[in-house]
Structure formats: C-alpha cells, structure tokens
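# Generate coordinates for the sequence data below:
(chains A and B)
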Amino acid sequence: MASKHVGVFVLFQLLVLNVVSQTSAFPTPTASTDDKTVYNRQLTEERPLQEQIAEADSVKAALQSAESKRSAASKDAGSEQDDFTMLKSLADGQKSKETTEVPVKKEDQYVPDESDSTKSRRLAEDYDSTKNGMEYDDPESFRQVDGTPLTAEDIVQKIANKIYEEDDRGVFDRIVSKLLKLGLITDNQADTLEYQVAEALQDLISKNAKNNEIEDAVSNDQETRGEQDDQGSDTDAWEPPRRRYNEDEDEEEEDEAEDEVDRDAEEEGDAPDNTWDKGTEEGNEVSPEDGLQDLQYFPNFYRLLKSLDSEQDTQERETLITIMKTLIDFVKMMVKYGTITPEEGVSYLENLDAMIAMQTKNKLGKALVLPDFPGPNGKNLDEDDNTKAEAAKMQKEYENLKDSTKEDQPSTETNQPGKSETYLEAIRKNIEWLKKHNKDEGKDDYDLSKLKDFMDQQVDSYIEKGIIAKDEGDTIKRIYSSL
Amino acid sequence: MKPFLSVVLFGAAVVALVSGAGADGEISFEYHRYEELRKALVSVWLQCPTITRIYTIGESFEGRELLVLEMSDNPGTHEPGEPEFKYIANMHGNEAVGRELLIYLAQYLCNQYQQGNETIIDLIHNTRIHLMPSMNPDGFEKAASQPGEIKDWFVGRSNAQGVDLNRNFPDLDRIIYINEREGGANNHLLQNMKKAVDENTKLAPETKSVIHWIMDIPFVLSANLHGGDVVANYPYDETRTGSTHEYSASPDDVMFKSLARAYSMYNPVMSDPQRPPCRKNDDDSSFKEGITNGGAWYSVPGGMQDFNYLSSNCFEITLELSCDKFPNEDTLKNYWDQNRNSLVNYIEQVHRGVKGFVRDLQGNPISNATISVEGIYHDITTAKDGDYWRLLAPGNYKVAASAPGYLTVIKKVAVPYSPATRVDFELESLMERKEEEREELMDWWKMMSETLNF
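Residues are numbered from 1 along each chain as shown, chains lettered A, B, ... in the order given. Sure, this is the predicted structure:
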C-alpha cells in the first residue's frame, strides 16, 4: 500500500513538474520570467518616479538653493516648521540610513511649491493636527534613527506596510489625496505611486505567505488568495481615485489602467465562469466533505469516487480527491494569473472529466453507474454556456463512437480526445471571428449552412488525399453539425 | 486494478493539460512529430478556413505526406498578378528548428489575421504563401526518435533511402557555368523538365515531388530552412572553378544580397557582428552582416537553392537558423522570437522590383514570354495569365518583353526599394505588323493611282 502511494506521489510530482515546465508563465514563488517581465515593464515605466524626482531635483536644485534661503528668511517660521514636519512624515520609515543626498533632494523637490505664498498658507491650515489622523500622529515613528527623511522607495514600502498591517487600502487613498491637495505630487506621480505601492504590497503578501509553516500553509494560502482577491478588487476600488486624478493622465497610464481593467475582466471572467470559480473558491479545501462539493462539477469523477465505496479503497479515494483538487487549483491559478482564459480553464476541466470517463471505461472495462444527482447540479450545468455543455456532450458522443471503432493503436487513442479538443477550439475561434467579422462589415449573420457544406466538402476531399483521417473528418463534421 | 485509477487520472490529466493549456499567445512551443504536425496544420485550417488550404505534393519514401499549408485570400487559386511565395524546411530531417518555425508561423499568421493585424491582412490578400514545414518527414522521425537530449549531427539528415536531399537536385550550376563561357540559355536550363525528372532514377521521391511543385506553380521568391549554423546564404552555392571556397556571384548578386539582408537584419542573432562562430574552429570569414555567398562559404553541388534559380523564375536563399541542429524543446520559443519578424519581412520582399502583364494587341495574355533586364544576364518568363514578377534592387533599368512571333518592346523603369512597379507590355505580333505594312502599301498605291489616274 505504501509503495503504491509513493508511486502515486511520484507521479504527482511528475505531473507538477510537467505543469510547471509546460506553462512557463506559471507564477511559482521563484517568479517566472514572465512575471519578471511584467514587473519589469511596470518598473521601467514607473521607475520614473525616482527619475522624475531626480530630474526635478536637478532642474530645481539651482532654484532651490536660492529660493530656500529666501523663503527661510521671509516666510512664517511656524508654517515652515509644519511643512518640514509634513515632509518628514511623508519621506520616512525605519529603513537604514541611506545616502542622505537623495532624501535631501527629495525634500528640496517639495520646497519650491512653497514659493507661492498663498499655497504655503493653505498648507498651514490643512496642517491642523487635530483635524485628521495623518500619519505623523501615529505612535509609530516616522523618522529615521538619525532624523533624515527617506527615499521614495522607503515611502512606498512604508505605505505598503501600513496597508498590509491595517488591511485597509483607505490608508493609501488618504495619503495620496493629502499629497495631491498639498500640491506635493502631481497626478502622474500619484498614479506611479499607486502602482509601486501595489507592487510592494504584493511582495509583502507573498513574502509573508512563504515565511509561514506548512500547517498554516493552507489557511495562509486562503488568506493570501483572499488578499490577492482583495488586491484584484482593490484595483477596482482604486479606479475611482484614479478617475479623480484624471486631468493630466498620460497615454502611458491610460494603457496601464486598461491593462488593470483587462486583468480584472480576465480574473472575473464570464458570469458562469465566475460563479463556478467563486463557488469552488469559497469551498473549504481542507475537509473532504466540502471538497466533494467542488467536484460535483465533474460527474464522471464523482461516479468514480462513488464506486470506491469499500473500506480498503478509502485511502485511494482520498488520494484521488487530493489529486483532483490540486489539478483544479492549478487551473484556477493559471486562470487567475492570466496564463489561460477562464474558458480554456473550464474546457480543460470538462475535457478532463470526459477523459476520465473514457479511460476508466477502457482500463476497467466497465461503465460507471450513474448515481442520482441532486437537482441543482443539473440545473447549474444548464445555466452554463450552452456551447460548453454541447461540447462536453459531443466529447462523450465522440468517445462512445471511438470505443466502438477501435482501429487505431492505443497511443493515438489517448491522443484523440486531445486532438478533437484542439479541433474544437480551432473551429470555435473561426466561428467567433466570422461573427465578429460580419458584424464589423455590417453584413448579415454569416451563412452557417453554407459554411457547413463547404467544410463538409473540404473534409471529404482531405480525407481522400490522406491529409486527415476518416475519424477526424467525422469529428469535424459532427462538430459543425452540432453548431 | 485499483492502482490503475490514479495512473489513469494522471494520464488523462497530463494529456488534457498538454493539449488544452495554451501557452504564450496561443502558440504552443513544442516539437511536432508527424501526426502532431498534421494535426497542427489541420487546426490552423479549421481556425482560418477562408484563407488557408492544406494540400500534399506527394509522399516521402516511407509514405508520409509532404504537407503544404497555403495561405491567401483565395486559397487554391492563382490570382493573376498575385505573386507566389514558399518556405520549405526540414529537408535535412535532423535540422528541426525550421520545421517548428513554419508551424508557429502558420498559427501566427492565422491568429494575426483574425485579430485584425493590417500588415498580415495585406500580406495574405496580396500574396499566395505556401508553407512546407517538412520536406523530409522520414528523416525527422529518425532524428526525433533518438533517446536523450543530445541528437547526433547526422542521424536523420538524409531521407529514408540515405539520400542527402540537398545534393540530390540536378546540378544546373555546371551547365550555367559552361553557358557563361560558351554562350547559351541563361535560365530554365532543365530541358524537357518533366521527362528528365520522371526518368531519372537517381532522384528521391521527395526531390521529384518538389521539382514537380516548382514546375507547376510560378513561384517568385522562396527560402529553404536549415540548421547547424546561423546565416542567410545566397546563390551560387557551387564554385565556378570547383575549389572549396570561392565567391560565386550570380547575375542577380545585388538583389540576392538585399534579400538575404532583409532576413538577417530582423534576426538579432544572425545580424550580430560580435557573434562568435557556432563552433570554435568554424570558418565564418565569409559571413558579413549575417549573410554569405554560398560558394564563398563552402561549395554545394546539386542543392535545391540553385536549382530553383536556374530551372525556374524563383529566387531562393538558404537560411541557417540555429547552431544546434536539433536543440532542446524549451529553446523553441527563443528561436521563434528571433525569427518571427524576419520570416514575415522576407515574405514581403516578394513585392519588389517590377511586375505586370504581357498581352497582345487584342488584350490576350501571352504566356511564357521572356522578360529581360539590360545588364542582368538572367531572364524570367511570364506565367499562364501573362503575369510576371521581376525582383530588382532599386535603380534605373531597361526592361524588355519578347516572345516568338512578336516584336520586342523595351521600357525604361525607375525602380524604388518597394513596392513593385507595375509595367505592362502590349506586344504586336509579326503577322500583324506585316499586315499593317501591307495595308499601308495598299493605301499608298491607291493614293498614287488616284492621283496619277492609273
């Protein structure tokens, strides 16, 4: 028994490796190159915050030194004091003493705005410490040990930490709106800051997730996922503030906004996919009972489990459940990270279920008995995209046909479901394009029957020439006839 | 029995994952064996049936189809005036990168077309593109069946009969060199092509099929994908004097250099002047800007590249795409990234020089008319609809159209880099001219007689 399970887990490892190596964009903790490019892209586009600061510094440095001397003399000492406190509170944290040059320049950058005397007075008013809970009131010290303010990076880190600890993204909103009102940062810089903080937050979350023990891994994963979900919906909430800052948006940032939105759209997916996703996510992954609820969408797998009723099969059952759930998780992760679209994820899992049916039939030489399914499940399937149900139905039909005409070698047999799934995918893409293309050109709906006839004709001629096999041709024809 | 269940599950899951999970940008970067290649091409056809067509030009020695995927706005038909282009890969079965690149290219062009990429849409509407991922599927199977990561330098190179297909074509270089010295035709050197091919016992089935293919379709531009080095190689491949290294320029040397560069310049590895040779002792002294003359690199007799140029109107170059002939699967995406832009840009080169129609005075097309360019000793001919495409580098040229029984017409043309300049010819037949002269004579006689009152 033990060796069997060892074998099972070895295969599991292989599967994991296979998955990991297949999908190079799979976001492992060691961060794949794709993730890096995404992050790098953001970094190279957003890094300008640092550069902007440096730039602004170099341009204004000359003015600074002249003006700051003047402003120091002419302005109200009190307001200036407040300003400096404000600045210190912004540019602070508990990082190690970095070069004081950059921080000093940072300070300088904010100074020139004070040259407008009316502005500085407003600063003083806004700076009533009793009015709102600004960070400088926090018991947590915002100064460095030696009192020097810190770099932009530190600021970002500090804000990210704050958000993480308080689990409240309102922290960011408060800070940024303050900064903007005070005219200390521009809209562009606000957006930049937003992305950097999001980034830093992500890092924090994944770092903390890693640091926890294995037993906590599940609950932490939940938390992480929960937070990442929050992150996903965070970007939604961050949209309103971004819209407020809309005045001077660069093209760059608009694109990024779109990217964010797109990513959200992808993450949320179609309604049926969404409900399916949410449903399984909310399921507690630890207890087998609830886990089985996840698997209700896999009728064949469910039947398989049911058939393993006896006591000695319990361990086998457990293993299978774990494996299946891991697979589901993989797919969910891939969808979440955008490696595959939700549709692909769903079709992959449907495919999997269908294949299980076929394989069990082949290997065990018996069909699984149909247990009575609770009504809601059936309904749910119906509520899903009809073409997907059709595809699954077709898949099963195809398998039945395949079994009765066992001409090919076993190797091609296992390839057949994969092949027909690719063909199905290709045909679907074509239909989608036709619909869109005809819509764009203002034509009426494409003539499906004409297309069907044309394809039938082509398929026949290809079969004749040996370009496609007869059974493949039949599959293709059947797919078209079921549309 | 029960343990099998887990195995079953894994098997199913792995297969589903492999086929279901799409990788970067809908292209899955892995090696395709024969069945998988066929399936991949069929999938492209199913996805883009209005712009693609699969056909086969024949069978390999072991009976595998030599599959071609054609892409055009009207697949299956030659539209008059639309140039024909081809890519052939994997004629050496163990040089695998080209084979894969053509599969990815097919998927890429189909996807881009559907996503509204204007460059690709234009290209497909104005060109007839033929992609043959493997000319030697038997050799590939042998190479791919080797166990382990490292593939032998030679296993799978030749076809199933042990014939090196790139030495198997009729050696027309020798004939052209003789003709250069002693006079004779400067193109279409294979007399009685059909007969010569069918009766030649030395030709492998794959070679025969390709020769027929070249005869049937009026290809204008082509490239032949290889592996084992990284360079774009152009004619002539065989040296004039028979020495092992000698620059052997063709009449279209200037144009070929331009074509080769058009490929290499978008491939960062190929065009990298600091690139070290693939192997320490390799002599890449002939490589400049990622291109090389064939003879200057090393002499190759009986190759497909020169055969194209000397038996038909097609200009072909040879692309060596990887130091490693059969590299690790996880490098395929890199090769795609390096070559994608080059592959597309090279197809666009077919729209250069001069092109047009040769017709008679009644507007009927004249097929097999000769188009010659002053200063370039290499003529081309018109296709069935009287259409021709003469690739030329930018410059001023005198282009002449001639046909037996017709009077030659010469036109001056200023040719830019691109697009192709349209130059049509209306040829007067000799009979017509005689008739004209006779009529003129009659008129004159009539006038004379009326005046002089004969």
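# what about the helices in the stretch 201-350 of chain B?
Per DSSP state H, counting those that start in this stretch, the stretch 201-350 of chain B carries helices over the ranges B:205-216, B:253-264, B:294-297, B:304-311, B:332-348.
# Tell me which residues touch residue B:133, please.
B:32, B:37, B:41, B:67, B:69, B:89-90, B:98-100, B:102-103, B:106 (CB atoms under 8 Å, 6 or more residues apart in numbering or on different chains). (Each C-beta comes from the backbone N, C-alpha and C, glycine too.)
# let's go with 10 Å and repeat that
B:32, B:37-38, B:40-41, B:66-69, B:87-90, B:98-106, B:140, B:225 (CB atoms under 10 Å, 6 or more residues apart in numbering or on different chains).
# for residue B:259, same thing?
Taking CB under 10 Å, 6+ apart as the test, what residue B:259 contacts is B:221, B:223, B:232, B:234, B:252, B:291, B:315-317, B:346, B:349-350, B:352, B:391, B:393.
# Looking at it now. What's its pLDDT?
Residue B:259 carries a pLDDT value of 98.
# Roughly how far does it sit from residue B:313?
Going from residue B:259 to residue B:313 by CB to CB, to the nearest Å gives 14 Å.
# And residue B:423, by the same measure?
On the measure of CB to CB, residue B:423 and residue B:313 end up 16 Å apart.
# what's the answer for residue B:171, then?
With CB to CB as the criterion, residue B:171 and residue B:313 are 19 Å apart.
# which of those two has more neighbours?
When residue B:171 and residue B:313 are compared for neighbours, residue B:313 comes out ahead with 25 against 16, by other CB atoms under 10 Å in any protein chain shown.
# What residues of the strand or helix carrying residue B:437 count as buried?
Secondary structure from DSSP states H and E places residue B:437 in helix B:430-452. Residues of helix B:430-452 classed as buried by neighbour count (16 or more other CB atoms under 10 Å in any protein chain shown): residue B:432.
# Can you name the residues of the stretch 151-300 of chain A that neighbour chain B?
Within the stretch 151-300 of chain A, the positions near chain B by CB under 10 Å from any CB of the partner chain are residue A:300.
# residue ranges for the strands of the stretch 351-454 of chain B, please.
B:354-360, B:370-373, B:376-381, B:387-390, B:395-402, B:409-415, B:421-422, B:425-427 (DSSP state E, counting those that start in this stretch).
# nope, the stretch 101-250 of chain B is what I meant
B:128-132, B:219-226, B:229-234.
# gap between the shortest one and the chain center?
To tie it back to what came earlier, the one meant is strand B:128-132. The chain centre lies 9 Å from the centre of strand B:128-132; the measure is CA atoms, centre = their mean, to the nearest Å.
# again with stretch B:82-101
9 Å.
# how about it as PDB, C-alpha atoms only?
C-alpha atoms of stretch B:82-101 as PDB (Å, rounded to 0.1, in the frame of the first residue of the first chain):
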ATOM      1  CA  GLU B  82      -0.600  37.800 -57.300                       C
ATOM      2  CA  PRO B  83       3.000  36.600 -56.600                       C
ATOM      3  CA  GLU B  84       3.600  33.100 -55.200                       C
ATOM      4  CA  PHE B  85       5.900  32.500 -52.200                       C
ATOM      5  CA  LYS B  86       7.200  29.400 -50.500                       C
ATOM      6  CA  TYR B  87       9.100  28.400 -47.400                       C
ATOM      7  CA  ILE B  88      10.400  24.900 -47.200                       C
ATOM      8  CA  ALA B  89      12.000  23.500 -44.000                       C
ATOM      9  CA  ASN B  90      13.500  20.300 -42.600                       C
ATOM     10  CA  MET B  91      14.900  18.900 -45.900                       C
ATOM     11  CA  HIS B  92      17.600  17.600 -43.600                       C
ATOM     12  CA  GLY B  93      15.500  15.700 -41.100                       C
ATOM     13  CA  ASN B  94      17.600  16.400 -38.100                       C
ATOM     14  CA  GLU B  95      17.600  20.200 -38.700                       C
ATOM     15  CA  ALA B  96      14.400  20.700 -36.700                       C
ATOM     16  CA  VAL B  97      14.100  24.400 -35.900                       C
ATOM     17  CA  GLY B  98      12.900  25.400 -39.300                       C
ATOM     18  CA  ARG B  99      10.100  22.800 -39.200                       C
ATOM     19  CA  GLU B 100       8.800  24.100 -36.000                       C
ATOM     20  CA  LEU B 101       9.100  27.800 -37.000                       C
END
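# so which of the helices of the stretch 201-350 of chain B comes closest to residue B:181?
Ranking these by their distance to residue B:181 (criterion: CB to CB) puts helix B:304-311 first, at 15.6 Å.
# Next one: residue 415, what pLDDT does it get?
Because you didn't say which chain, this covers chain A. At residue A:415, pLDDT is 49.
# please go with chain B instead
pLDDT, residue B:415: 97.
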